[in-house]
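In: 3D model of this:
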Amino acid sequence: MSATESIEKTSSVATPNVEERPPLTKKDISADHPTWCPGCGDFSILALYLKLIQQRGLHHEKVTTVAGIGCSSRFPYFVQANGAHTIHGRALPFATGVSLSRPDLHTFVFGGDGDAFSIGGNHLNHTARKNVNLTYVVMDNFVYGLTKKQTSPTSPIGFKSKTDLGGSKDKPINPMKQLIAAGATFIARSTSTNPKHLLEMMGKAMDHEGFSVIECLSECVEFYKGAFDASNPRKGGAFELVPEDHDCSSELAAYRLADAPFPGHFGVYYQVSEPTKNANELSLIQAAQEKTSVTQDWEILQKTFDRLK
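Out: So this is what the prediction gives:
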């Protein structure tokens, strides 16, 4: 019996029978109309996320969309399902709690390069090393777009912004290398301009048992137009896939792949099977849920408030 099945047996949360219900359509899953700038790469990623949910035959209550702060982090508003818009850089700790307590849900986290590699950089490292069972899609546009063009952790040297008027002097983060070093067990890379490839990567990440991360290049047409033309064949660039003979189980091979000059390669860089935090803490989770199995949620909250008096 898997960790997910074991926890579901002791969980106090009733799981609806979804077998007899018709599958959802993208229209059923869509919520508010996206408010991004026209041409933003995030539109494509959202459409593919909704398509993935539809293809997998999931229902509203079986999906959780968590995000931090930023243009990309508005995802929960646009998906008709469980969701939470958390504070800047803190999406992963929140999503960890969801994943541990409700393993029957498919937990997705969306964020930008600032949310992932700057404000939330420490949480990214610890979620990776703990191998929490969830999927994180980092929509990397090489700039802080929501706050109107500041240098981000992935902005290239020489990038001019409101915080670097003469051009950035700092070496940017290499997301692939950081994720490998942190211990993520599934690491992939794609772009918003190649929907077929991105959908494939999202599907593989969803199927992975453990912490899966996709760095998705998503152009900010307002504050860094043309940033990823080099990866777009329609604009004279080249979309180079990870070589077929690449050993996805080798950290060294993944590091070498991450050393390729921009725009690099696209596909799965690294994937291994290791025990998840969910499985390692199964007995603790079951014990906690058994203690509260006959208690209503509001009663648990009330007891917490009473202790604070």
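In: Near K171, how many other residues are there?
Out: By other C-beta atoms under 10 Å, 8 other residues sit near K171. Where you see a C-beta, it was placed from the backbone N, CA and C, and this is true even at glycine.
In: Could you find the closest non-adjacent residue to it?
Out: Distances taken as C-beta to C-beta, 6 or more residues apart in numbering place I157 nearest to K171, at 6.6 Å, with adjacent residues excluded.
In: Helix, strand, or coil at A205?
Out: Using DSSP: H, G, I helix; E, B strand; the rest coil, the structure places A205 in helix.
In: With Y136 instead?
Out: strand.
In: so what's it up against?
Out: 92, 95, 108-111, 116, 124, 127, 211-214 (C-beta atoms under 8 Å, 6 or more residues apart in numbering).
In: Let me know the distance separating the residue nearest to K171 from L217.
Out: 18 Å (C-beta to C-beta, to the nearest Å).
In: any idea which helix or strand comes after the helix or strand of the chain with the lowest mean pLDDT?
Out: Lowest by mean pLDDT, DSSP states H and E among the helices and strands of the chain is helix 3-10, with a mean of 48. Using DSSP states H and E, the helix or strand that follows helix 3-10 in sequence is helix 26-29.
In: Just list what that following helix packs against, helices and strands only.
Out: For helix 26-29, the elements it packs on are helix 42-55, judged by 3 or more C-beta pairs under 8 Å, 6 or more residues apart in numbering; DSSP states H and E.
In: What is the burial count for E299?
Out: Residues near E299, counting by other C-beta under 10 Å: 11.
In: bridging residues for the residue nearest to the spatial centre of the chain?
Out: Per C-alpha atoms, centre = their mean, the C-alpha nearest to the average position across the chain is that of Y136, at 1.7 Å. Beta-bridge partners recorded for Y136 (DSSP bridges): V109, V213.
In: quick one: it from L301, how far?
Out: The value you get for Y136 to L301, if C-beta to C-beta is used, is 29 Å.
In: Please apply the same query to D247.
Out: 49 Å.
In: Equivalent analysis for G264, please.
Out: For G264 relative to L301 (C-beta to C-beta), the value is 47 Å.
In: Which of these two has more residues huddled nearby?
Out: Taking other C-beta under 10 Å, G264 and L301 do not tie; G264 has more neighbours (19 against 10).
In: wait, isn't the more buried one in contact with V242?
Out: No. Here G264 does not reach V242: they are 9.5 Å apart, not a contact under C-beta atoms under 8 Å.
In: helix/strand/coil for P76?
Out: P76 ends up helix, using three-state DSSP.
In: give me phi/psi at the spatially closest residue to it that is not a sequence neighbour?
Out: Leaving aside its sequence neighbours, P76 sits nearest to G83 (C-beta to C-beta, 6+ apart; 3.2 Å). Main-chain dihedrals, G83, degrees, to the nearest 10: phi -170, psi 160.
In: In contact with G83, which residues?
Out: 64-67, 75-77.
In: Could I have the buried ones of the residues you listed as ChimeraX selection syntax?
Out: Command for ChimeraX, covering only those of those found buried under the criterion 16 or more other C-beta atoms under 10 Å:
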select :64,65,66,67,75,76
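In: What is the nearest of the contacts of G83 to S101?
Out: T64 (10.8 Å; C-beta to C-beta).
In: Which secondary structure element is home to that closest one?
Out: strand 63-67.
In: cool, and K171?
Out: Per DSSP H and E, there is no helix or strand for K171.
In: Quick check: it touching F159?
Out: No. Judged on C-beta under 8 Å, K171 makes no contact with F159 at a distance of 11.9 Å.
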